[in-house]
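Just a sequence and a predicted model for now, questions to come.
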Amino acid sequence: MIPLRLAFGLLLFPWIATAAPAARKVRDLEIYADPKFHAAFPSVIRRPDGEVIVAFRRAPNRLAFGEAKNNHVDPNSQLVLVRSSDGQTWTSPPELLHAHALVGSQDPCLLQLRDGTVLCMSYGWAFLRPDGVAKLAAPFLQNYPGSIFSGGYYLRSTDGGRSWAGPLTPPHITPEILRDPYGKPLPAYNRGALVEAGDGRLHWVVAATENLSPHRSSTHLLSSTDRGQSWTYTAAVAADPIASFNETSLHVTPRGDLVAFLRSERLGDEACFARSTDGGRTFQPWQRLGFRGHPLHALRLPDDRVLLTYGYRHPPYGIRARILNPECTDAADAPEIILRADGGTTDLGYPWSVQLDATRVLVTYYFNTPGRVPFI
């Protein structure tokens, strides 16, 4: 995380009226760590009263049970959150955000709306015995034997995350070919930031599996005019006959463009983007950004420039960032900032940032160092 400290990090922006300011990492800090749990995939919001909330996925550390490794899907994975009044000290133990009754949950993606409502988008994996898997209606997606993808769900809170309504089910979109464990069309899902546009509409880029072998997914825009109570298909965002796209975060520029920052597959881990100049009705053809890393998160800074953060799962493993111009047209040329380069393995990343005050940004992410289970 990056705020003024990297929380896992804090960044400092000494705003100067006569020149574009540089960013300076102040320090790293730990938000949550417990050797009994594998903690990953955070998101962060700042409430109207200044409280900062970090949500993340937590599952038992399987190494502590004598198992060979931790997987990114787990029958006991839950969504939890911690709070802070200053971006540096955090509540403990974490609050339970949601424990789904049927699936292990993944990647809580928070969105703070202007009216105070908080949305949390997630998705899950069901765990079936072999006799159940044998009876599943194809096509379905299996992560490892017995873990079956169940698609997306989401939650709503009107009291600052103290209580949550749901789980609510997003619509199925036509490009999606997968079925859930009940044989029904898969609900829409994604890991990445939603946005609230200037007109109050919400926009959410979701992924869809269009081919199972080899696996290939595309991305599509859902929009809401009722603060996330319902969703409507709007447009295709990025698709390709060979490349695959998923885990997409949206950003709204001062001009009103929607910029979708895309995780890619089969492009050498090169980050990509797609842009809409008409409020999401259509998207221009996807383009390469010119550097590697995934997934990405974009935060508008006080001077309208954009802090773009991303995980780096290549030696040296860590977290990186770039500061783009307000319309996000210079990503390939923007200098790369190395926030962390001391990761122990590739099991890290997924940054998500929030503005703490006029000069400080908190960048949250999950990380590992030699001998430690991943932490926030």
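Nice, thanks for sending it over.

Can you list the residue ranges for strands in the stretch 151-300 of the chain?
Using DSSP state E, counting those that start in this stretch, the strands found in the stretch 151-300 of the chain span residues 165-168, 195-196, 202-212, 215-224, 232-238, 244-252, 258-265, 270-276, 287-292, 294-300.

What strands flank the second one, and is each parallel or antiparallel?
Strand 195-196 has its sheet partners listed here by DSSP bridges as strand 202-212 (antiparallel).

What are the buried residues along the strand it pairs with?
Neighbour-count burial for strand 202-212 flags 202-210 (criterion: 16 or more other Cβ atoms under 10 Å). The C-beta positions use only the backbone N, C-alpha and C, and glycine is treated the same way.

any idea which helix or strand carries G132?
Taking DSSP states H and E as the criterion, the element that holds G132 is helix 130-133.

related to what we said a few turns ago, save the buried residues of strand 202-212 as JSON lines, and put in distance to Y182 too.
JSON lines is the format used below for these (distance: Cβ to Cβ, whole Å):
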{"residue": "L202", "distance to Y182": "28"}
{"residue": "H203", "distance to Y182": "29"}
{"residue": "W204", "distance to Y182": "24"}
{"residue": "V205", "distance to Y182": "26"}
{"residue": "V206", "distance to Y182": "20"}
{"residue": "A207", "distance to Y182": "20"}
{"residue": "A208", "distance to Y182": "19"}
{"residue": "T209", "distance to Y182": "17"}
{"residue": "E210", "distance to Y182": "21"}
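
Between those, which sits nearest L301?
Here the nearest of these to L301, counting by Cβ to Cβ, is H203; it sits at 20.6 Å.

where does that closest one land on pLDDT?
We have a pLDDT of 98 for H203.

Bridged to it, which residues?
Here H203 sits in beta bridges with V195, S223, going by DSSP bridges.

Check the one 4 residues further on too.
Beta-bridge pairing of A207, defined through DSSP bridges, involves Y189, T219.

can I assume it is in contact with L221?
No - checked against Cβ atoms under 8 Å, the pair A207 and L221 is beyond contact range at 11.5 Å.

so who does the residue nearest to C272 when sequence neighbours are not counted touch?
The spatially closest residue to C272, leaving aside those adjacent along the chain, is L262, at 4.3 Å (Cβ to Cβ, 6 or more residues apart in numbering). By Cβ atoms under 8 Å, 6 or more residues apart in numbering, the contact list for L262 reads 219, 237-238, 245-248, 271-274, 286, 296.

wait, which of these is closest to A126?
Closest approach between the contacts of L262 and A126, by Cβ to Cβ: N246, at 19.7 Å.

does that closest one really touch S217, like I thought?
Yes - using Cβ under 8 Å as the test, N246 is close enough to S217 to be in contact (5.1 Å).

distance of the nearest residue to W231 once chain neighbours are set aside from S264?
Using Cβ to Cβ, 6+ apart and skipping residues adjacent in sequence, the residue nearest W231 is L222, 4.3 Å away. Distance check for L222 against S264: by Cβ to Cβ, to the nearest Å, it reads 21 Å.

Tell me the spacing between Q355 and R62.
For Q355, the distance to R62 - Cβ to Cβ - is 36 Å.

S77 now?
For S77 relative to R62 (Cβ to Cβ), the value is 11 Å.

Compare neighbour counts for the two and give me the winner.
When S77 is set against R62 and neighbours are counted by other Cβ atoms under 10 Å, the residue ahead is S77, at 26 against 16.

surely the more buried one meets P108?
No - S77 is beyond contact range of P108, at 10.6 Å (criterion: Cβ under 8 Å).

quick one, phi/psi of P214?
P214 adopts backbone torsions of phi -70, psi 150, taken as degrees, to the nearest 10.

Give me the neighbour count for it.
For P214, the tally of surrounding residues (other Cβ under 10 Å) stands at 9.

What residue, apart from its backbone neighbours, is nearest T169 spatially?
On the basis of Cβ to Cβ, 6+ apart, the spatially nearest residue to T169 that is not a chain neighbour turns out to be P187, at 5.1 Å.

Within the helices and strands, which one has A334?
In the assignment (DSSP H and E), A334 maps to no helix and no strand.

which residues does it contact?
Here A334 is in contact with 308, 322-325 (criterion: Cβ under 8 Å, 6+ apart).

And it, how far from Q142?
Counting by Cβ to Cβ, the gap between A334 and Q142 amounts to 39 Å.

Could you check how many residues crowd around the closest residue to L250 other than its chain neighbours?
Nearest residue to L250 in three dimensions, chain neighbours excluded: V195, at 4.5 Å (Cβ to Cβ, 6+ apart). Using other Cβ under 10 Å, V195 has 20 other residues around it.
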